[in-house]
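Peer 1: Test case, fold it:
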Amino acid sequence: MFKKASLLVLVCLLSFTVMFPLGAAMPETIVSVDPQEGEVKVEQTFAVNINVTDVSELRGFDFCLSYDTSILMLVKIEEGPFLKSVGPTFMINLTTEGLVWLAVVLYHPEGLDISANGSGILAAITFKAIAVGESLLDLHSKDPYRPDEVKLAKGCDEVTPIPNVAFDGYVEVSCNSDGCDPDPPPDPPPDPPAEKSPDINGDGKVNILDIATVATAYGSYPGHPSWDPRVDLDNDQEVDIKDVSIVAKSFGTSFD
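Peer 2: Here you go, the predicted structure:
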């Protein structure tokens, strides 16, 4: 049954590539970027939805959204709840830099004919503004004959396209309160200090000689006349009871 359902899904997805018939009546279904116009600041993260309005028997969709990569950076793409609220979905994400391309189809393990009706969110797309400027959010399909609409389909055994009108979005990015240069990245954390061996004198074993070395430097710190950095085993810039404990814990241990 699973193989049958998977084959059904692939048939539905492949059927999206069929051209929509020319000369159809003006469609009532609308697919749009929401909000259609937006104003954001440099370094601000924002999201737009891809909405469908007044659709009947929707089984799957396939849309593209182009944007200016010098102005915007894509953060994430999420499937909206419209189809998922009806049943399980199968998604193919073919997104590349500058082009969001998402295809989603309803399927049912038992092969039931399910579909979505009405209006809702097909997908949510999050961007980050990286430079001052303007970017069109061009909503379209890969179909060269119908570039101004997205691919909506109903049915599965016999997939039928749903005519629609696609409305683009637009975003304007301006300087933030700190100017137009993004904040510099924070300094990377310092490398952790190298782990020190309780075999302080390096003779291959922890014995009374190492204890004596710790005792000689006990209570010292950088700049102190008795300071010995080898003995500061916990790297806290002080030779104290913690360093003695580390040596005592390994007392009698041999090192190759």
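
Peer 1: Around Val31, how many other residues sit close by?
Peer 2: Residue neighbour count, defined by other Cβ atoms under 10 Å, stands at 24 for Val31. Where C-beta positions appear, they are placed from N, C-alpha and C, glycine not excepted.

Peer 1: From what I see, it and Ile162 are in contact.
Peer 2: No - under the criterion of Cβ atoms under 8 Å, Val31 makes no contact with Ile162, lying 9.7 Å away.

Peer 1: Between those two, which contacts overlap?
Peer 2: The overlap between the contact sets of Val31 and Ile162 (Cβ atoms under 8 Å, 6 or more residues apart in numbering) consists of Leu152.

Peer 1: ranges for the helices of this structure?
Peer 2: In order along the chain, the chain carries the following helices (DSSP state H): 2-15, 81-84, 208-217, 241-249.

Peer 1: Contacts only, for Val86.
Peer 2: 106, 114-116.

Peer 1: at 6 Å what do you get?
Peer 2: Taking Cβ atoms under 6 Å, 6 or more residues apart in numbering, we find Val86 in contact with 114, 116.

Peer 1: Now it, what are its backbone angles?
Peer 2: Per-residue torsions, Val86: phi -90, psi -40 (degrees, to the nearest 10).

Peer 1: Roughly how far does it sit from Val171?
Peer 2: Using Cβ to Cβ, to the nearest Å, one gets 31 Å for the distance from Val86 to Val171.

Peer 1: Asn164 and Leu136: what is the separation?
Peer 2: Taken as Cβ to Cβ, the span from Asn164 to Leu136 is 19 Å.

Peer 1: Name the residue in those two with the higher neighbour count.
Peer 2: In this view Asn164 and Leu136 are compared by other Cβ under 10 Å, and Asn164 has more residues nearby, 24 against 15.

Peer 1: That one pairs with what?
Peer 2: Under the criterion DSSP bridges, Asn164 forms beta bridges with Thr29.

Peer 1: does it really touch Ser32, like I thought?
Peer 2: No - using Cβ atoms under 6 Å, Asn164 is not in contact with Ser32; the gap is 9.8 Å.

Peer 1: okay, which residue is most central for this protein?
Peer 2: Lys76 (4.5 Å; Cα atoms, centre = their mean).

Peer 1: Any idea what that one is bridged to?
Peer 2: Taking DSSP bridges, one obtains Thr126 as the residues bridged to Lys76.

Peer 1: Looking at it now. What's its pLDDT?
Peer 2: At Lys76 the predicted local confidence, pLDDT, stands at 96.

Peer 1: I'd assumed Phe127 was in contact with it.
Peer 2: No - under the contact definition of Cβ under 6 Å, Lys76 does not touch Phe127, with a separation of 9.3 Å.

Peer 1: residues in contact with Ala217?
Peer 2: Here Ala217 is in contact with 226, 228, 231, 239 (criterion: Cβ under 6 Å, 6+ apart).

Peer 1: Next, work out how far apart it and Arg230 are.
Peer 2: Distance from Ala217 to Arg230, counting by Cβ to Cβ: 8 Å.

Peer 1: Same question for Ala124.
Peer 2: Ala124 is 57 Å from Arg230, where distance means Cβ to Cβ.

Peer 1: cool, and Pro147?
Peer 2: In terms of Cβ to Cβ, Pro147 sits 72 Å off from Arg230.

Peer 1: Where does pLDDT dip in the protein?
Peer 2: Per-residue confidence of the chain (counting by pLDDT under 70) places the weak regions at 1-27, 109-112, 156-157, 178-185, 191-193, 256.
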